[in-house]
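Engineer: prediction below, plus the sequence it came from.
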Amino acid sequence: MKAFKSHLDYALDLDRNDALSSYRNAFHIPKDENGNDWLYFTGNSLGLQPKSTKSAIEQELNDWAKLGVEGHFEAKNPWMPYHEFLTESMAKIVGANPIEVVVMNTLTANLHFLMVSFFNPTAKRCKILIESDAFPSDRYAVETQLEFHGFDPNECLIEWTPRAGESLLHIEDLEKILEEQGHEIALLLIGGVNYYTGQYLDLKKIAELGHAKGCKVGIDLAHGAGNIQPDLHDSGVDFAAWCSYKYLNSGPGSLGGVFVHERYAHDKTLKRFAGWWSQNKATRFDMRQPLDITPGAEGWQLSNPPILSMAAIKASLELFNEVGMTALREKSLKLTAYLEYLINSLNNPHIQIITPKDPNQRGCQLSIQVKNANKNLHKKLTDNHVITDWREPDVIRCAPVPFYNSFEDVFRMVEILNALLP
Ligand SMILES: *Cc1c(COP(=O)(O)O)cnc(C)c1O
C-alpha cells in the first residue's frame, strides 16, 4: 500500500494537492451549530445537494409559471424531450451507449418492469439467484415476482452466500451453483457493489457465467453508479437499474436509471408493461395508433416524467460531465486507501474492515465491523457530527465521496472514531 502518514498536516497536504478539492464548494455541506462542516460519510445513502440544483429546478418552475402547457415545447429546456438531456451523461457514467440508457421511475419499480421482460419462468427454468446480503427491496421484488408467476420463493429463490465465517462472496461459489442448478435458473439479479460489504463484483464474469447456462443477468447498480466505472455495455449484462440519489446527488427519492443492452434495442418480442411513453415518438401524440415500441431503453418508459426531479438530475450530471468518472475514481481510490490506512493504523483489535482489500473489488465505501459494539457507538459518532451509517449487528458503513469529501474529513473522522472505541 502507498505509504500515508497519520498527521493532520499530511491530510491537509493531500487536500492541497488534490485537483478536485475545489468541487467540495460546489455542494452544500451540512453544518453544526457552530458553523463547522459535518463530517458527512453517507453519500452512499443520500448524496449532498449541488449548489446548482436550486436554480435548475427554479428554471422549470419559472417556465411552468410563464408558459403552462406550452412549456412542453417552449421552455428553455423543453419538457417533451427532457429525459433525452440526461441520457448521454448518464450513459457515460455507467459505461453504456446512449441507446441503452434511460432515466425513469424509481429503482425498485424499474426492477419489476425489467423483470417483466427478463424473468419469464417456465416449469423447468423458474429460479432466481440473488446474493444472500441483497438489499431488502431487491429481495422483496424477486420474492413477489416469483409468487406472481405462481412459484414458491422457498424453493425458487437461490442465494449466493459467503462461506462460513466470511463476509465476502467468491465467484467460484457462484460458478458451482450454476454448474449444479444453472439449467433451472432463469435470472441472476445481483448487486454490482454490495450495499453492506461494499464488495464490487466482476460483472463481466458474472454475465459470462450466467449466459453460459442460459440465464438472464441483471445488475442492481444503486451502489455503483457514480462510484465505480462498471462498463455496462462491455460487461454484456442484459439489464441494470440504479437510483440517482446516492452517489449521483440528485435528491431524496429522485428518479432512477435503467440500462438494457443494445442487443435488445430493436427486439419487439420481449414482454413488457407499456404506457404512452413507450410509443414510437413519431406517432406518440396521434393518440390512436397501435402500440409501436420505441427502440432502445426508452421503450421501457411508461409515463411522462417528473421534470422537477429531472432538473435536479440534470444539474448533478453537469458536474459529473465536467469532472468525468476517471478523475473521480482516481481520487476515490486514494481517499478510500487513506481511510483504510488510518483505520488499520489504530491497531485496535475490536475493529475489522470487511470490505475487500483489493481496490479493484470495491468502490469508495468501507464497511467497518466493530466487535461487541451496538448502535450506541453510531449515536455517539452522530452526536459528534460524524455522519455514518449503522447496519445491524455491528457494521459502520463509511463512504468518503471524491466529489465533496476531503482528506481532512477522513483524518478527523478516524480521530473521533478512535476516541469512542473501546
Ligand atoms: C438504495 C437501494 C434501493 C432503494 O430502492 P428505491 O426503489 O429507490 O427506494 C434498492 N436496492 C438497492 C441495492 C439499494 O442500494
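Structural biologist: Received, thanks.
Engineer: hey, where'd the helices end up in the stretch 51-200 of the chain?
Structural biologist: Along the stretch 51-200 of the chain, the stretches classed as helices by DSSP state H, counting those that start in this stretch are 53-67, 71-74, 84-94, 107-118, 136-148, 153-156, 171-181.
Engineer: make JSON lines from the ones you listed and add distance to Gln301 to it.
Structural biologist: From N, CA and C alone the C-beta is placed, and that goes for glycine too. Output for the helices of the stretch 51-200 of the chain, formatted as JSON lines (distance: least, CB to CB, whole Å):
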{"stretch": "helix 53-67", "distance to Gln301": "19"}
{"stretch": "helix 71-74", "distance to Gln301": "16"}
{"stretch": "helix 84-94", "distance to Gln301": "11"}
{"stretch": "helix 107-118", "distance to Gln301": "9"}
{"stretch": "helix 136-148", "distance to Gln301": "19"}
{"stretch": "helix 153-156", "distance to Gln301": "29"}
{"stretch": "helix 171-181", "distance to Gln301": "32"}
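Engineer: got those as TSV, with distance to the ligand, mean neighbour count and mean pLDDT columns?
Structural biologist: Compiled in TSV, the helices of the stretch 51-200 of the chain are given as follows (distance: least, CB to the nearest ligand atom, whole Å; neighbours: other CB atoms under 10 Å; pLDDT from 0 to 100):
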stretch	distance to the ligand	mean neighbour count	mean pLDDT
helix 53-67	18	16	98
helix 71-74	27	15	97
helix 84-94	15	21	98
helix 107-118	3	21	98
helix 136-148	4	17	98
helix 153-156	17	14	98
helix 171-181	18	14	98
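Engineer: scan this structure for its longest helix.
Structural biologist: The single longest helix within the chain, with elements called by DSSP state H, is helix 325-345.
Engineer: next helix or strand past that one?
Structural biologist: For helix 325-345, the following helix or strand on the C-terminal side (DSSP states H and E) is strand 351-353.
Engineer: show me what that following strand pairs with in its sheet, parallel or antiparallel.
Structural biologist: Strand 351-353 has the following sheet partners, assigned by DSSP bridges: strand 366-370 (antiparallel).
Engineer: ok, Ile219 - contacts?
Structural biologist: By CB atoms under 8 Å, 6 or more residues apart in numbering, the contact set of Ile219 is 189-192, 203, 206, 230, 232, 235, 237, 239-241.
Engineer: could you redo the last one with a cut-off of 6 Å?
Structural biologist: Residues near Ile219 by CB atoms under 6 Å, 6 or more residues apart in numbering: 190, 192, 203, 237, 240.
Engineer: from the residues you listed, which is closest to the ligand?
Structural biologist: Set against the ligand, the nearest of the contacts of Ile219 by CB to the nearest ligand atom is Gly192 (9.0 Å).
Engineer: what's near enough to touch that closest one?
Structural biologist: Residues near Gly192 by CB under 6 Å, 6+ apart: 203, 219, 221, 224, 230.
Engineer: same list (those residues) but as JSON lines, adding secondary structure, distance to the ligand and pLDDT.
Structural biologist: Below are those laid out as JSON lines (DSSP: H, G, I helix; E, B strand; the rest coil; distance: CB to the nearest ligand atom, whole Å; pLDDT from 0 to 100):
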{"residue": "Leu203", "secondary structure": "helix", "distance to the ligand": "14", "pLDDT": "98"}
{"residue": "Ile219", "secondary structure": "strand", "distance to the ligand": "10", "pLDDT": "98"}
{"residue": "Leu221", "secondary structure": "coil", "distance to the ligand": "8", "pLDDT": "98"}
{"residue": "Gly224", "secondary structure": "coil", "distance to the ligand": "9", "pLDDT": "98"}
{"residue": "Pro230", "secondary structure": "coil", "distance to the ligand": "14", "pLDDT": "97"}
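Engineer: which member of those residues is positioned nearest Trp277?
Structural biologist: Of all the contacts of Gly192, Leu221 has the smallest distance to Trp277: 22.3 Å, by CB to CB.
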